[in-house]
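Colleague: just to be clear, the model below is a prediction. Sequence and coordinates:
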Amino acid sequence: MTSRAKVAVVTGASAGIGKEAARALLQQGWRVIGVGRDPARCAAAAVELTALPGADFTMIRADMALLAETARAAREIAALAPEIDALLNNAGGVMAQRIITLEGHEATFASNHLAPFLLTQILLPNLLAAAARSDPGSVRVAAVSSTGHEHCTGIAWDDLSFAASFVGGAAYCHAKLANILFIRELARQLEGTGIVAHAMHPGVVASNFASHCDAPMQAYMESIADRALTPAQAADTLVWLASDPAPGRSSGGYFHMREAVACSAAAQDDAAAARLWRVSEALVAGY
């Protein structure tokens, strides 16, 4: 319904899956706003992506382990793009040690779950504005989760910061479960707005992801390295979720290799999804 270039926001766009998703969307003629943390990687990615023929790319730097930084980046994006057609919540990571941010949150949970939750909240008016002028199902929110969510039996309601016992891999799997529950509740709340929301598992990816893992997770990643996809291969499903008509016909799904796949029973718990939403709202309040 609109002739303007479609706009995508891609977090973690300075490297890996995020950079390749940004590249693919730029090559499809989208305007892309990327978010990245590391100054050197952000600068290098910006040079590389803006050099693509006809590319309209902007990089915003923010440490998404910090909610204040996430909120600042979100408001910059909102000012740059009154209408947003795809929000790809890709940024995240795993920590070898328990890190409590200056804002008081455990860094794995903050960067993988609270940051995309807050970013989506702030940019929702921009997504709704695009949906109002687009065909139903054309506006998308996507979250990069992981099969790691299957190793978490439920949200640690009484200890979200893992104060009692921290294991980097377990904290990561917990956050990846939170990603799917967030998308599940988001899809429910956005029913009828024209916006659809999906989660995806990218597969094992040959990137710098494992460099911050604890020893057991590094060993596991090394053991399955022969199955690793390139970042571009892993980004394919994320780009498909943003741009292909097929994912627009449903909402609240979980995908791998462009196919709907089953998630764990814990990830299908609607009561937990609603509770996590309420808890997350309280944790990001004021930002």
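Modeller: Noted; the coordinates are in hand. Numbers count the residues shown, from 1 in each chain.
Colleague: need the helices for the stretch 1-150 of the chain, in chain order.
Modeller: 16-27, 39-50, 67-80, 107-109, 115-132 (DSSP state H, counting those that start in this stretch).
Colleague: could you dump these to a markdown table with distance to His198?
Modeller: In this view, the C-beta of every residue, glycine as well, is placed from N, C-alpha and C. Below are these laid out as a markdown table (distance: least, C-beta to C-beta, whole Å):
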| stretch | distance to His198 |
| --- | --- |
| helix 16-27 | 14 |
| helix 39-50 | 24 |
| helix 67-80 | 21 |
| helix 107-109 | 22 |
| helix 115-132 | 13 |
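Colleague: would a markdown table of those with mean neighbour count and mean pLDDT be doable?
Modeller: Compiled in a markdown table, the helices of the stretch 1-150 of the chain are given as follows (neighbours: other C-beta atoms under 10 Å; pLDDT from 0 to 100):
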| stretch | mean neighbour count | mean pLDDT |
| --- | --- | --- |
| helix 16-27 | 25 | 97 |
| helix 39-50 | 16 | 98 |
| helix 67-80 | 18 | 98 |
| helix 107-109 | 25 | 97 |
| helix 115-132 | 21 | 98 |
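Colleague: for Asp56, which of these is the nearest?
Modeller: With C-beta to C-beta as the measure, helix 16-27 is the member of the helices of the stretch 1-150 of the chain nearest Asp56 (7.4 Å).
Colleague: only the C-alpha atoms, please, for the closest one, written as CSV.
Modeller: C-alpha atoms of helix 16-27 as CSV (Å, rounded to 0.1, in the frame of the first residue of the first chain):
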residue,chain,number,x,y,z
GLY,A,16,27.7,-12.4,12.5
ILE,A,17,24.0,-13.2,11.8
GLY,A,18,22.9,-9.6,12.3
LYS,A,19,25.3,-8.1,9.8
GLU,A,20,24.4,-10.7,7.2
ALA,A,21,20.7,-10.1,7.7
ALA,A,22,21.3,-6.4,7.3
ARG,A,23,23.2,-7.1,4.1
ALA,A,24,20.5,-9.3,2.6
LEU,A,25,17.8,-6.8,3.4
LEU,A,26,19.8,-3.9,1.9
GLN,A,27,20.3,-6.0,-1.2
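Colleague: mind giving me the packing neighbours of that helix?
Modeller: With contacts taken as 3 or more C-beta pairs under 8 Å, 6 or more residues apart in numbering; DSSP states H and E, helix 16-27 sits against strand 7-11, strand 31-36, helix 39-50, strand 56-61, strand 86-89, helix 231-243.
Colleague: redo those as TSV? Include distance to Lys19.
Modeller: Shown next, in TSV, are the helices and strands packed on helix 16-27 (distance: least, C-beta to C-beta, whole Å):
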stretch	distance to Lys19
strand 7-11	8
strand 31-36	8
helix 39-50	5
strand 56-61	10
strand 86-89	12
helix 231-243	7
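Colleague: nearest to Arg275, of those?
Modeller: strand 86-89 (20.0 Å).
Colleague: contact partners for the most centrally placed residue in the chain?
Modeller: The centroid of the chain falls nearest to Asn89 when counting by C-alpha atoms, centre = their mean (2.0 Å). Asn89 is in contact with Thr11, Pro116, Leu119, Thr120, Val141, Ala142, Ala143, Val144, Asn179, counting by C-beta atoms under 8 Å, 6 or more residues apart in numbering.
Colleague: cool, Arg188 as well?
Modeller: Gly252, Asp270, Ala273.
Colleague: if you set the cut-off to 10 Å instead, what comes out?
Modeller: Arg188 sits next to Ala197, Ser251, Gly252, Asp270, Ala273, Ala274, Trp277 when contact means C-beta atoms under 10 Å, 6 or more residues apart in numbering.
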